[in-house]
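Student: Prediction below, plus the sequence it came from.
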Amino acid sequence: MLNKWEGIVLRTGPYGETNKVVTLLTREAGKVTAMARGAKKPASRLAAVTQPFTHGLFMIYKGRGMGTLQSGDTLHQMRHLHQDITATAYASYIAELMDRLIEDNQPSPAQFELLRQAFHAIDEEYDPEAITLFVEWKMLPVAGIHPVLHQCASCGATEGEFAFSFQEIGFLCHRCFHVDPYLIRLSPSHLRLIRTFYTVPIEQVGKLTLKPATKKFIRKIVRTIYDEQVGLRLKSATFLDQLDRMPTFSRDEPPAMKGRNEETASDDDA
């Protein structure tokens, strides 16, 4: 059967000298894999539409096994995702996370829309690290994890001081801190941000300006959940960690001054 599906390229792999195997997340059919014959040839009509991160309309013949990509029309090439190394790194991480968590041939319209929003936001030069945090928190239920973030996971309280518990996979109020001796204390700002990442659509938030320490703190929590509760470790995370260790300097500020400013930054968002 020949299908016309809206999709985004998650990854590609070589097959022989001239072909590609393309994995797409589609709006209509979920994650599908298709053979793109001749797509490795520069002059191929499939060369552009099978680039990673490409958002397009794909004509795919699907039988019992792997589908065949017949043709495609690009809706959005995501140029910034290819031209900026940081954007590429975070987009690759998001794509790998989606690929690992979503089962083949299972309709996943919510996850497709999340991926579309994330890639378009990064392509429009929103903070890729903040966008990735949105995706990580929102994909937890797909991984079978449903954190309790609207109330205390122990007593149900909605007011008070809160901390995050990996044991309870959610918030604990100050009355229940004794439940988990290894909990992580949260500021009101951290509390609001985690709830925002988990519940609010990316398109409804606008640009978030977060300090590096804030993003690192929240990232550590969600990555620990994936590591300890899901057992998921992504290859692309290694490169993100390398980027995180690389010094970045603005054109107008000498390295010494930049470093002093970062050391005195608080954990609260800007």
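Tutor: Structure received.
Student: show me where the stretch 151-270 of the chain has helices.
Tutor: Here the stretch 151-270 of the chain has its helices, by DSSP state H, counting those that start in this stretch, at 188-199, 212-225, 236-245, 255-263.
Student: would JSON lines of these with mean neighbour count, distance to His174 and mean pLDDT be doable?
Tutor: C-beta: built from backbone N, CA, C; applies to glycine. Output for the helices of the stretch 151-270 of the chain, formatted as JSON lines (neighbours: other C-beta atoms under 10 Å; distance: least, C-beta to C-beta, whole Å; pLDDT from 0 to 100):
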{"stretch": "helix 188-199", "mean neighbour count": "17", "distance to His174": "12", "mean pLDDT": "96"}
{"stretch": "helix 212-225", "mean neighbour count": "17", "distance to His174": "18", "mean pLDDT": "95"}
{"stretch": "helix 236-245", "mean neighbour count": "13", "distance to His174": "32", "mean pLDDT": "85"}
{"stretch": "helix 255-263", "mean neighbour count": "11", "distance to His174": "30", "mean pLDDT": "30"}
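Student: who touches the nearest residue to Gly67 once chain neighbours are set aside in this structure?
Tutor: The shortest distance from Gly67 to any non-neighbouring residue, by C-beta to C-beta, 6 or more residues apart in numbering, is to Ala34 (3.9 Å). Shown in contact with Ala34 (C-beta atoms under 8 Å, 6 or more residues apart in numbering): Val21, Val22, Leu24, Phe58, Ile60, Lys62, Met66, Gly67, Thr68, Leu69.
Student: ditto for Pro107
Tutor: Shown in contact with Pro107 (C-beta under 8 Å, 6+ apart): Glu28, Ala29, Gly30.
Student: All set now, cheers.
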